[in-house]
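K.L.:
Sharing a sequence plus its predicted fold:
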Amino acid sequence: MNAPHTEPFLTLQEIIAAARRNLAPGPWSYLIGGAETETTVRRNRQALDSIAFRPRVLRDVSRIDSSADFFGRKVRLPVMLAPIGGLESIVEGGAAAAARGAAQFGVPQMLSSVCQPGLEATAAAADTVRVFQLYVRGDDAWVDDHVKRALAHGYAAFCLTVDVAMYSRRERDLVGRFVKPWRATAPAGSNFQSGLSWDQVKRFKDKHSVPLILKGIATAEDAEIAVQHGVEVVYVSNHGGRQLDHGLGSAAVLPQIVAAVGGRAEVWVDGGFMRGTDIVKAIALGAHAVGLGRLPCLGLAAAGVPGLVRALEILENEIQTCLGLLGVTSFAELTPRHLAAAAPVGDPSVFSAFPLLDQPPEG
Ligand SMILES: Cc1cc2nc3c(=O)[nH]c(=O)nc-3n(C[C@H](O)[C@H](O)[C@H](O)COP(=O)(O)O)c2cc1C
């Protein structure tokens, strides 16, 4: 079933090990790193590892459906590729390669505005469900132009990332003197991002009918304001721990935000989701979809498009195994009653979901 050169990957940790071998130190540190002390990175994992399952048994799980819906389209899993800037430094073809992998497997792609080969060429690369994510680097007319172009190229929704009022201090990149080519050549305009307020969200909703996602909501208070502005999706995220340091883990704030939103908008989440069990936890807590940031990049770095597809296949297998062992046959049957609070069993880190990673194959 799998392309011959991806057969060695039976587990996600093997994919991560291959990505580590393939990437130069600069792009590797850029990919896995976070802000300053990387406490938020670790809290993302800690929050997930603080949730245990309460399985139910004897419920005929011989047929499991792990598909989901995404803006009215059926997708293979309730996950999407989160927006990644500078993907071209991780895999040849950048966002176009990610689009091909997403399409081949059957999940949506969110395209970052700071990723090559850009909005039009990425849309042309593959027919997948897609969302465009914008960093605001210009005035209202500049934003409107991006909306127009995204709509003209089949993007189903528009996303504003709102946790980047300041660009954080990524110490791995600073220590390694890694100069991000896309930042070096980016047009000035980060002052627009710092100057954003709810006024721009109101203006956007008044002017455009395309569904709007606010990515980077981390409190119930802001979720409430977002809903009052008519936002279609509240995307709970701390940017994978890459922006504000010493934030809470995404899975820890998710329940409060789901409660605050109260079904008036969809709630999506990302931050540290690496395993099938992680995805199941998010959906049981009330998320509609889960964004994957580093994991798809690691698949792409390991073996290009087939590596991404293989990572998603393994994730799907983990998800279906988890659903069956919990006694449910679809995500719709999950409830918070399938979960319980528990102490994590190890120290959280970006790769703590893969405890065998440092061990030799025979270890
Ligand atoms: C290398 C890298 C680049 C990223 N670039 C962007 C970006 O351009 N726009 C954005 O909204 N988020 C960006 N993010 C954040 C991701 O979209 C996502 O929120 C985060 O990676 C989720 O955490 P995870 O990596 O633990 O899955 C980036 C993350 C990484 C790892």
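P.N.:
That came in fine, so what should we check first?
K.L.:
how about the one helix or strand Y30 maps to: buried residues?
P.N.:
Element membership of Y30, judged by DSSP states H and E, is helix 25-32. Using 16 or more other CB atoms under 10 Å as the test for burial, helix 25-32 gives 26-32. For the C-beta atoms, the positions are set from N, CA and C on the backbone; glycine is no exception.
K.L.:
Correct me if wrong: Q256 contacts E221.
P.N.:
No - with contact defined as CB atoms under 8 Å, Q256 does not count as touching E221 (9.6 Å).
K.L.:
what about the two, which has more around it?
P.N.:
Under the criterion of other CB atoms under 10 Å, the comparison of Q256 against E221 puts Q256 first, with 16 against 12.
K.L.:
Distance of the closest residue to that one other than its chain neighbours relative to the ligand?
P.N.:
Of all residues not flanking Q256 in the chain, A220 sits nearest, at 4.5 Å (CB to CB, 6 or more residues apart in numbering). Distance of A220 to the ligand, given as CB to the nearest ligand atom, to the nearest Å: 19 Å.
K.L.:
before we move on, what about R169?
P.N.:
15 Å.
K.L.:
which parts of stretch 142-161 are buried?
P.N.:
Those would be 143, 146-147, 150, 153, 155-161, for stretch 142-161 by 16+ other CB under 10 Å.
K.L.:
rewinding a little: show me what contacts the residue nearest to Q256?
P.N.:
253, 256-257, 259-260 (CB atoms under 8 Å, 6 or more residues apart in numbering).
K.L.:
Could I get the phi/psi values of the residue nearest to L334 when sequence neighbours are not counted?
P.N.:
Spatial nearest neighbour of L334, excluding adjacent residues (CB to CB, 6+ apart): A284 at 4.2 Å. Here is the backbone geometry of A284 (degrees, to the nearest 10): phi -60, psi -30.
K.L.:
burial count for A284?
P.N.:
Using other CB under 10 Å: A284 sits among 21 other residues.
K.L.:
residues touching it, list them.
P.N.:
Here A284 is in contact with 334-336, 338-339 (criterion: CB under 8 Å, 6+ apart).
K.L.:
roughly how far apart are it and V261?
P.N.:
16 Å (CB to CB, to the nearest Å).
K.L.:
which residues touch F53?
P.N.:
So F53 contacts 277, 280-281, 322, 325-326, 338-340 (CB under 8 Å, 6+ apart).
K.L.:
Of the residues you listed, which count as buried by neighbour count?
P.N.:
For these, buried by 16+ other CB under 10 Å: 277, 280-281, 322, 326, 338-339.
K.L.:
what residues does the stretch 151-300 of the chain put near the ligand?
P.N.:
161, 215, 237, 239-240, 242, 270-273, 291-294 (CB under 6 Å from any ligand atom).
K.L.:
And for the residue of the stretch 101-250 of the chain found nearest the ligand, the neighbour number?
P.N.:
Closest to the ligand within the stretch 101-250 of the chain is G240: 2.8 Å, counting by CB to the nearest ligand atom. By the criterion of other CB under 10 Å, G240 has 26 neighbours.
K.L.:
dump the residue contacts of the nearest residue to it once chain neighbours are set aside.
P.N.:
Nearest non-adjacent residue to G240, counting by CB to CB, 6+ apart: G293, 4.7 Å away. G293 makes contact with 82, 84, 240, 270-271, according to CB under 8 Å, 6+ apart.
K.L.:
Just among those residues, which is most surrounded?
P.N.:
Going by other CB under 10 Å, G271 tops those with 33 neighbours.
K.L.:
Was I right to think that one contacts G247?
P.N.:
No - here G271 does not reach G247: they are 9.1 Å apart, not a contact under CB under 8 Å.
K.L.:
can you list residues touching both of those two?
P.N.:
Common neighbours of G271 and G247 (CB under 8 Å, 6+ apart) are 238, 241.
K.L.:
Would you list the phi and psi of G240?
P.N.:
phi 60, psi 30.
K.L.:
Any chance of the backbone angles for the residue located most distally from the centre of the chain?
P.N.:
Centroid-distance maximum for the chain: L58 at 33.7 Å, with CA atoms, centre = their mean. L58 adopts backbone torsions of phi 60, psi 50, taken as degrees, to the nearest 10.
K.L.:
Next one, pLDDT for it please.
P.N.:
If you check L58, the pLDDT there is 98.
K.L.:
Please apply the same query to W182.
P.N.:
68.
K.L.:
ditto for N2
P.N.:
pLDDT, N2: 50.
K.L.:
roughly how far apart are the residue nearest to L334 and V290?
P.N.:
A284 is 11 Å from V290, by CB to CB.
K.L.:
quick revisit: could I get the buried ones among the contacts of F53 as CSV with secondary structure and pLDDT?
P.N.:
CSV is the format used below for the buried ones among the contacts of F53 (DSSP: H, G, I helix; E, B strand; the rest coil; pLDDT from 0 to 100):
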residue, secondary structure, pLDDT
T277, helix, 98
V280, helix, 98
K281, helix, 98
C322, helix, 98
L326, helix, 98
H338, helix, 98
L339, strand, 98
